[in-house]
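Undergrad: the following block contains a protein sequence and its predicted model.
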Amino acid sequence: MAGANFSDACIALLHRLAERSGEIALQHFRTSVTVDAKGDDSPVTIADRDAESAMREMIRAAFPDHGLIGEEHGRERPDAEWLWILDPIDGTRSFINGVPLFGTLIALWQRTGDGEARPVLGCINHPALKERWVGGNNHPTTFNGVRTEPRACAAAADASMYYTAADLFAPSEAEAFNAVTKAAGQARAGGTDCYHYAMVASGWIDLVVESGLKLHDYAAIVPVLEGAGAVVSDWNGAPLALDSETTVNGQVLACGDPRLHTEVVNLLQSR
């Protein structure tokens, strides 16, 4: 399929994926679910595995030639033109502790003529909160079906900044990160997982700085934020790519205002 019909079909599937994965997650939320440790010591549950399995089956049925990359079940046709990237539960620690800020991240990227891949569509879904952001190329971002946009904030001194936790930054990144937190009007370690990116898209906060993210952590936030009019890049100001988790240690900068983005990139690069 191509053109508008293809876009419509993908958007419809995106919503079905969010609905089904959310149903599975909520079946296990705030229950005595068994928690296993993965090879990197991060936690995983049956909810993570089953939600991703269900989404993969739905994508295979709808678009059998598309590729799949998921946090829990690996890669399938990763060189395909169209590539779905899934994080069934972003914030598993929040999930197992009964905190409703966990989310599901669903992304669709397309390979271009040069072999690189670019984000096309994304979804940030928070099933426990019943809140969903969907956006991307030619699809302005919506929050529960209503168009959303970031707020104007030209200067770091006026910005509200969120990040997950200071100890997640590498020692070599600490000076640059601290320069931004000192410049920001407010800087909070939110423990909000992917929710703080949605907060930028809706204009509730202005700035997110993170590092150490994997592809499945950032693939969906890029199209959602760009569809809202925000700016997402690595700390150098360059677009995020499939390999940014290794080439730039998964550094992510999200700003609601392009003027703020320019200032923060300069702060990060001056250290």
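TA: Noted; the coordinates are in hand.

Undergrad: number of residues surrounding His139?
TA: Neighbours of His139 under the rule other C-beta atoms under 10 Å: 19. All C-beta atoms are positioned from the backbone trio N, CA, C, and that covers glycine.

Undergrad: okay, the residue lying closest to it once chain neighbours are set aside: pLDDT?
TA: Leaving aside its sequence neighbours, His139 sits nearest to Gly227 (C-beta to C-beta, 6 or more residues apart in numbering; 5.9 Å). Note on Gly227: pLDDT of 97.

Undergrad: I figured Gly227 was touching Thr141, is that so?
TA: Yes - contact criterion C-beta atoms under 8 Å: Gly227 and Thr141 qualify, at 3.8 Å.

Undergrad: need the residues touching each of the two.
TA: Gly135 (C-beta atoms under 8 Å, 6 or more residues apart in numbering).

Undergrad: and Ser94, that's in a helix?
TA: Yes - looking at Ser94 with DSSP: H, G, I helix; E, B strand; the rest coil, it is inside a helix.

Undergrad: what is the neighbour count of it?
TA: 19.

Undergrad: ok, now Phe169?
TA: 21.

Undergrad: what's the answer for the one 10 residues further on, then?
TA: By the measure other C-beta under 10 Å, the count of residues near Ala179 is 18.

Undergrad: report the backbone C-alpha coordinates of the one helix or strand it maps to in CSV.
TA: Assigned by DSSP states H and E, Ala179 belongs to helix 174-183. Output in CSV follows, covering the C-alpha atoms of helix 174-183 (Å, rounded to 0.1, in the frame of the first residue of the first chain):
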residue,chain,number,x,y,z
ALA,A,174,28.0,14.8,34.2
GLU,A,175,29.5,18.2,33.6
ALA,A,176,27.4,18.9,30.5
PHE,A,177,24.2,17.6,32.2
ASN,A,178,24.9,19.7,35.3
ALA,A,179,25.3,22.8,33.1
VAL,A,180,21.8,22.3,31.8
THR,A,181,20.2,21.6,35.2
LYS,A,182,21.9,24.8,36.6
ALA,A,183,20.6,26.9,33.7
